[in-house]
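Novice: No letters, just coordinates:
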């Protein structure tokens, strides 16, 4: 049977994640991997999660934990999120909180809710490849979002209309951006809200790394700035704050959330009812207990570990990278973005690195909606020991030094 002939047109936009493929390399013991931007399993609160499961399943809530539940999410967890959001300047109620199976599911839902074929999504260049993967299924176009640019707002509208649709939203990762590690300034966030208000579109704030700051001053979330513009009334805001427990507690539990005005939350609930009914009840209950008991302690632990590794990688890059190589200096998150000498190709370098020096990373091209960025790569330090960082960066630096003349 010719399956390709009967697939929906959206299927042609679906591509394998380069990161998911690269994670397979972790099974090879001699590979030093800076590829997957994933948490370190050694930092998971395994004992506390195990105890929470036992408590939930053997207590009075045991039956409810294994039963169908409401699509909005477990109410005690939503209440906890309301309290936690207040700490970063976001005032809301449980009606504004919606639980998803990881924040990745939420990106898919938002794409489904807003994007018709040929519509335009405004995204940074580069942007999180998982967002591009989620949005691609809905057959959009992309336009470049450059904070504080002098571009006229009307030009976004004109470009979208010329391509057969309209601008539907702006998407960004404002904190310790995946893949660059860069954080948007307050001025850049205000500029983005100004643009969104002019275009009358929502802002999707992907806050996966919000809690992973290791130095520097915190910047108010975009939703907090949006609230300030609207007298603290979340029902008047246009920002979706997308959070997750994957980077702080454990990704395997697949629990994320969004905070937004209740009108749009109700629409997202309808999408979930048609999709998977609700996120895992037992996992939500476990996350609630673990978060209530040790969230702050867990954050302190992972910040200390990842902050040390970030410093180590920046020092190694300074010591071993040849002239012509540039990199970002993030204040948090999991990533350093490296720009190679002009003419070098990250994918070609990866093939050579795996073959010769046994170092893995993610080529930068995968993060660009237009397939550009050939001379960039992403390095993740979250799962690397001091020895891995020192040795891996040194090997990579030597390879780049050897390969760079060939690209000239």
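Specialist: Arrived safely, thanks for sending. Model, not experiment: these values are computed from the prediction.
Novice: Residue 159 against residue 143, yeah?
Specialist: Yes. Residue 159 is in contact with residue 143 according to CB atoms under 8 Å; the separation is 5.8 Å. Heads up, the C-betas are built off the backbone N, CA and C, glycines and all.
Novice: any residues in contact with both of those two?
Specialist: residue 120 (CB atoms under 8 Å, 6 or more residues apart in numbering).
Novice: Compare these two and say which is more crowded by neighbours.
Specialist: residue 143 (19 against 14; other CB atoms under 10 Å).
Novice: Look at the more buried one and tell me its secondary structure.
Specialist: strand (DSSP: H, G, I helix; E, B strand; the rest coil).
Novice: my read: it touches residue 120, true?
Specialist: Yes. Using CB under 8 Å, residue 143 is in contact with residue 120, at 5.2 Å.
Novice: overlap in contacts of those two?
Specialist: Common neighbours of residue 143 and residue 120 (CB under 8 Å, 6+ apart) are 156, 159, 160, 167.
Novice: Contacts only, for the second one.
Specialist: Spelled out, it's residue 159. Neighbours of residue 159 in contact, by CB under 8 Å, 6+ apart: 120, 143.
Novice: what's the spacing between it and residue 139?
Specialist: 17 Å (CB to CB, to the nearest Å).
Novice: Could you list the low-confidence segments of the stretch 251-400 of the chain?
Specialist: Across the stretch 251-400 of the chain, nothing is flagged by pLDDT under 70.
Novice: Residue 201 and residue 168 touch, don't they?
Specialist: Yes. Counting by CB under 8 Å, residue 168 is a contact partner of residue 201 at 6.1 Å.
Novice: quick one: contacts for residue 84?
Specialist: For residue 84, counting by CB under 8 Å, 6+ apart, the contacting residues are 291, 295.
Novice: Could I get the phi/psi values of it?
Specialist: Note on residue 84: its backbone torsions stand at phi -70, psi -40 [degrees, to the nearest 10].
Novice: And it, how far from residue 382?
Specialist: Relative to residue 382, and taking CB to CB, residue 84 is found at 22 Å.
Novice: Next: residue 146.
Specialist: 28 Å.
Novice: These two: who's more crowded?
Specialist: Taking other CB under 10 Å, residue 146 and residue 382 do not tie; residue 382 has more neighbours (21 against 12).
Novice: quick one: secondary structure of residue 319?
Specialist: Residue 319 - assigned by three-state DSSP - is helix.
Novice: quick one: it and residue 380, what's the gap?
Specialist: Taken as CB to CB, the span from residue 319 to residue 380 is 19 Å.
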